[in-house]
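1. what follows is a predicted protein model with its sequence.
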Amino acid sequence: MKTRIKELRKKNKISQEELAYAVGVTRQTITSIECEKYTASLMLAYKIAKYFDMAIKDVFDLEGVER
Amino acid sequence: MNMDEFKKDIKSKIFVLCGGIFSCVTIILVSKNLGVRDIRIDFISGFQLGIVLAFEFVFITKLIKYRKALNDENMLKVLYIKETDERSVFIAKKTATLSFNISLSVIAIATIVSGFFNITVFFTLLGVLAFIAITKAVLKMYYKKKN
């Protein structure tokens, strides 16, 4: 699943480690999400979106999700 | 799981680890005086001692790590993140399920093959197979009811 996490991190000058610590996951999980290898759970997606003070749909690209 | 529950979990793990360390030391001390001296038994007792020492080392390492974490809030949070990280939990569950099923299949094949050669090995493997299958069934029922 495509995300804007990398773009938002760079815009806010936040490292993967800082974001990971803030939302309660390992840095490897953030890396996997950014590389589209792992899809965050609803809870994690919510925490990440809340961290950037945005809606989930503005951080995660839900257009490509199959119905 | 929140931080308070995690702290309780760490404390119970420390208790279990202490029990494990005590058991390993007991086994090492008792095993020195057991058994008949025979070159085959020497190999087996060497293997047993090696396994027990490896467990002892792992238990002591984990005990030190958990004790340090309980005294340092930042280290506790890092440990909490490491143990509850959703991707790590997902990988561990997938690995456990697949490796369990592969092991069960291999033991089943080994049981069948051993039946042609050695009755002791056959019944030992059959016992292991039965234990694993019953454990899996019981755990499946437990988690189905729980969730």
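-> Received the coordinates, thanks.
2. for the rest of this, base every contact and every neighbour count on C-alpha atoms.
-> OK.
3. now residue A:60: how far from chain B?
-> 17 Å (CA to the nearest CA, to the nearest Å).
4. leaving out the residues flanking it, which one is nearest to that residue?
-> The shortest distance from residue A:60 to any non-neighbouring residue, by CA to CA, 6 or more residues apart in numbering or on different chains, is to residue A:3 (4.4 Å).
5. remind me which helix or strand the residue of chain A found nearest chain B belongs to.
-> Going by CA to the nearest CA, chain B is nearest to residue A:25 of chain A, at 4.8 Å. Using DSSP states H and E, residue A:25 sits in no helix or strand.
6. for it, give me phi and psi.
-> When quoted as degrees, to the nearest 10, the phi and psi of residue A:25 stand at phi -130, psi 170.
7. and the gap between it and residue B:76?
-> Distance of residue A:25 to residue B:76, computed by CA to CA, to the nearest Å: 14 Å.
8. for the residue nearest to residue A:60, what are its contacts?
-> Contacts for residue A:3 (CA atoms under 8 Å, 6 or more residues apart in numbering or on different chains) come out as A:33, A:34, A:36, A:59, A:60, A:61.
9. now flag whichever of those is closest to residue B:83.
-> residue A:33 (18.4 Å; CA to CA).
10. state the helix or strand in which the closest one lies.
-> Under the criterion of DSSP H and E, residue A:33 resides in helix A:27-34.
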